[in-house]
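>>> pasting the sequence and the predicted coordinates here, then a few questions.
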Amino acid sequence: MKLKDKVALVTGSAQGIGKAIAVALAKEGANVVISDVNLELAQATAAEIAAMGVKSNAIKLNVADLTQAEEAVKAVAAEFGKIDILVNNAGITRDALLIRMKKEDWDLVINVNLTGVFNMCKAVTPVMMKARTGRIINIASIVGEMGNAGQMNYSASKAGVIGMTKTLAKEVASRNINVNAIAPGFIDTDMTKKLSDFDILARKAVRVIIYKGTSRVETLREQPGSKGYANGFEGLIRYINEQLPANEVLGQAFRREVRMYPEIAIRELVANALIHQDFGVTGDGPKVEIFDDRVEIINPGRPLIDTLRFVDEPPRSRNEHLAGLMRRMNICEERGSGIDKTLFQLELHQLPAPDFRVTDLHTVAVLFAAMPLQRMEKPDRIRACYLHACLKRVSNDVMTNESLRKRLDMPEKDYPKASRIIRETIEAGLLKPFDPDSKSRKHAKYLPFWA
């Protein structure tokens, strides 16, 4: 056990993240003091931890009160003879847009989340300096780095914790005291169990809407998201897949259902919608709309790059911290590989090319159900040809009449039709010949306009 006989004081540890931290410390052999404003809950947690074979007790503590902080540290040091670890976890939220935020809600969040950390650090530092050793871990938040609409008080408090951590670390490093901050994203705890409890965040939850037929006239079901993006993503994708139309495929021995759209395509486009949305667009969030003939994945905000360059341009995200977190958790692909993976899967399943649309306030990615070539309109054929050329280019290959016929499931005798589609795409300014001097249409090679 790495922390055998160490003494840890964890604030706000009766439940949620604090309790998880306390349990983890106890598993490594530390004796843990549970502090919380809810003494009854703190005592229950302390009893659970004591049953693990370490010492644990509970104290009632409001970290916003310096006197209580000093008395708590004094009591723990007197009982255990030392304090090796302090985890400043206690925190609250009172969310609202600035124009609606009450002064008392600003003060309350700052007093608990920021001043509370100051109070605990000020109280425990003399104890650790005297022992010439100690560890202080401050629980900040990713919003302290990136901000979040509707959480000015919370974001400011956590940004302050990060700055305080860096400063205190420099002040006490010579006394062998390490001070660090951890900035988690949205975590599923009792405090954050339902996004609907947080007015601003609730509007950023992903809504899945299933319509009857091909229009928005009649809604069959609407499912608002209730979890954060990271911890709710797998469940979201599973729910979307369950709502998609399915085809029954007859194998040699069994029948099996195959969803109309490949899961990888859904996964990548939903992840992109989360990552690239504009959080500054208030009152709106990502949506997945399912129709009989298509799926539309919508996010607030216009894209930062031209939709025609989604395949080859490295993505530029408004929310790089969120993007990095989701990549580390393997929720989305590495930089630049999501759209080409989507195109590859759609071509593999012989589905029409996706359409990326931009409105005044939104970016829309549309996946279409299977459609024979003869039913495709001219824009559909041009889009399929262009995106096929893009996929070939980023795969270090070139498009040909033959590859386009294979993409559109056309027989070899239809090469004149494929040539016509290629010509239409060139005339639209989206395609160019690889060799302008070549006279052969059937064996010519083609590149997207930007290559």
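Nice, I can see it. Numbering: from 1, shown residues only.
>>> and stretch 74-85, what's buried?
The neighbour-count check on stretch 74-85 (16 or more other CB atoms under 10 Å) flags 76-77, 80, 83-85 as buried. Any C-beta I mention is one placed from the backbone N, CA and C, and that applies to glycine too.
>>> mind putting the residues you listed into TSV with distance to residue 384, secondary structure and pLDDT?
Converted to TSV, these look like this (distance: CB to CB, whole Å; DSSP: H, G, I helix; E, B strand; the rest coil; pLDDT from 0 to 100):
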residue	distance to residue 384	secondary structure	pLDDT
76	68	helix	96
77	71	helix	96
80	70	helix	96
83	66	coil	97
84	64	coil	97
85	60	strand	97
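>>> out of these, which is nearest to residue 450?
Each of those was scored against residue 450 by CB to CB, and residue 85 proved nearest at 55.1 Å.
>>> how about low-confidence regions in this structure?
For the chain, residues meeting the criterion pLDDT under 70 lie at 185-203, 226-231, 247-257, 321-322, 324-337, 441-442.
>>> can you say which helix or strand has residue 443 in it?
Residue 443 belongs to no helix or strand when elements are defined using DSSP states H and E.
>>> ok, and what's touching the longest helix anywhere in the chain?
For the chain, the helix with the greatest residue count under DSSP state H is helix 152-172. By CB atoms under 8 Å, 6 or more residues apart in numbering, the surrounding residues in contact with helix 152-172 are 88, 91, 93-95, 98, 101, 105-106, 109-110, 112-114, 117-118, 121, 125, 128-129, 134, 136, 138-141, 143-145, 147-148, 178-181, 183.
>>> which of the buried residues of stretch 74-85 sit farthest apart?
Farthest pair in these, by CB to CB: 77 and 85, 12.8 Å.
>>> quick one on the thing from earlier: please pick the buried ones from the contacts of helix 152-172.
88, 91, 93-95, 101, 105-106, 109-110, 112-114, 117-118, 121, 125, 128-129, 134, 136, 138-141, 143-144, 147-148, 179, 181, 183.
>>> now intersect those with the helices, please.
Among the buried ones among the contacts of helix 152-172, the residues falling in helices (DSSP H) are 105-106, 109-110, 117-118, 121, 125, 128-129, 143-144.
>>> let's have those residues in JSON lines, adding distance to residue 165.
Formatted as JSON lines, those follow (distance: CB to CB, whole Å):
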{"residue": "105", "distance to residue 165": "24"}
{"residue": "106", "distance to residue 165": "22"}
{"residue": "109", "distance to residue 165": "18"}
{"residue": "110", "distance to residue 165": "16"}
{"residue": "117", "distance to residue 165": "8"}
{"residue": "118", "distance to residue 165": "11"}
{"residue": "121", "distance to residue 165": "9"}
{"residue": "125", "distance to residue 165": "13"}
{"residue": "128", "distance to residue 165": "15"}
{"residue": "129", "distance to residue 165": "17"}
{"residue": "143", "distance to residue 165": "16"}
{"residue": "144", "distance to residue 165": "10"}
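>>> nearest to residue 44, of those residues?
Distance to residue 44 across these (CB to CB) is lowest for residue 117, with 25.2 Å.
>>> surely that closest one meets residue 140?
No - here residue 117 does not reach residue 140: they are 9.0 Å apart, not a contact under CB atoms under 8 Å.
>>> export the buried residues of stretch 74-85 to a markdown table and tack on distance to residue 343?
Listed next are the buried residues of stretch 74-85 as a markdown table, based on distance: CB to CB, whole Å:
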| residue | distance to residue 343 |
| --- | --- |
| 76 | 59 |
| 77 | 62 |
| 80 | 61 |
| 83 | 57 |
| 84 | 54 |
| 85 | 50 |
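>>> tell me the one of those residues nearest residue 405?
residue 85 (66.7 Å).
>>> list the contacts for the closest one?
Taking CB under 8 Å, 6+ apart as the test, what residue 85 contacts is 3, 6-9, 25, 30, 134-137.
>>> how about a cut-off of 6 Å?
Contacts here follow CB atoms under 6 Å, 6 or more residues apart in numbering; on that basis residue 85 touches 8, 135.
>>> specify the beta-bridge partners of it.
Here residue 85 sits in beta bridges with residue 8, residue 135, going by DSSP bridges.
>>> only the buried residues of stretch 286-299, if you could.
For stretch 286-299, a neighbour-count test (16+ other CB under 10 Å) marks 286-291, 294-299 as buried.
>>> now the two most distant members of those residues.
Within those, 291 and 299 form the most distant pair, 17.9 Å apart (CB to CB).
>>> got the domain boundaries for the chain?
7-182, 203-368, 373-448 (automatic domain parsing).
>>> tell me how far the shortest one lies from the chain's centre.
Between the centre of domain 373-448 and the centre of its host chain there is 36 Å, according to CA atoms, centre = their mean, to the nearest Å.
>>> neighbours around residue 43, how many?
When counting by other CB atoms under 10 Å, one arrives at 18 neighbours for residue 43.
>>> apart from its chain neighbours, what residue comes closest to it?
Leaving aside its chain neighbours, residue 43 sits nearest to residue 58 (4.4 Å; criterion: CB to CB, 6 or more residues apart in numbering).
>>> quick one: secondary structure of the residue nearest to residue 303 when sequence neighbours are not counted?
Nearest residue to residue 303, sequence neighbours excluded (CB to CB, 6+ apart): residue 363, at 5.0 Å. Using DSSP: H, G, I helix; E, B strand; the rest coil, the structure places residue 363 in strand.
>>> how near is residue 363 to residue 281?
The gap separating residue 363 from residue 281 is 11 Å, by CB to CB, to the nearest Å.
>>> for the residue nearest to residue 262 when sequence neighbours are not counted, give me its contacts.
Nearest in space to residue 262, with sequence neighbours left out and distances taken as CB to CB, 6+ apart, is residue 345 at 4.1 Å. Contacts here follow CB under 6 Å, 6+ apart; on that basis residue 345 touches 262, 264-265.
>>> so after the helix or strand hosting residue 424, what's the next helix or strand?
Per DSSP H and E, residue 424 falls inside helix 415-427. Beyond helix 415-427 on the C-terminal side, the first helix or strand identified by DSSP H and E is strand 431-433.
>>> so residue 281: helix, strand or coil?
Per three-state DSSP, residue 281 ends up coil.
>>> going forward, the N-terminal residue is numbered 28.
I'll keep to 28 as the first residue from here, and by that count the last item is residue 308.
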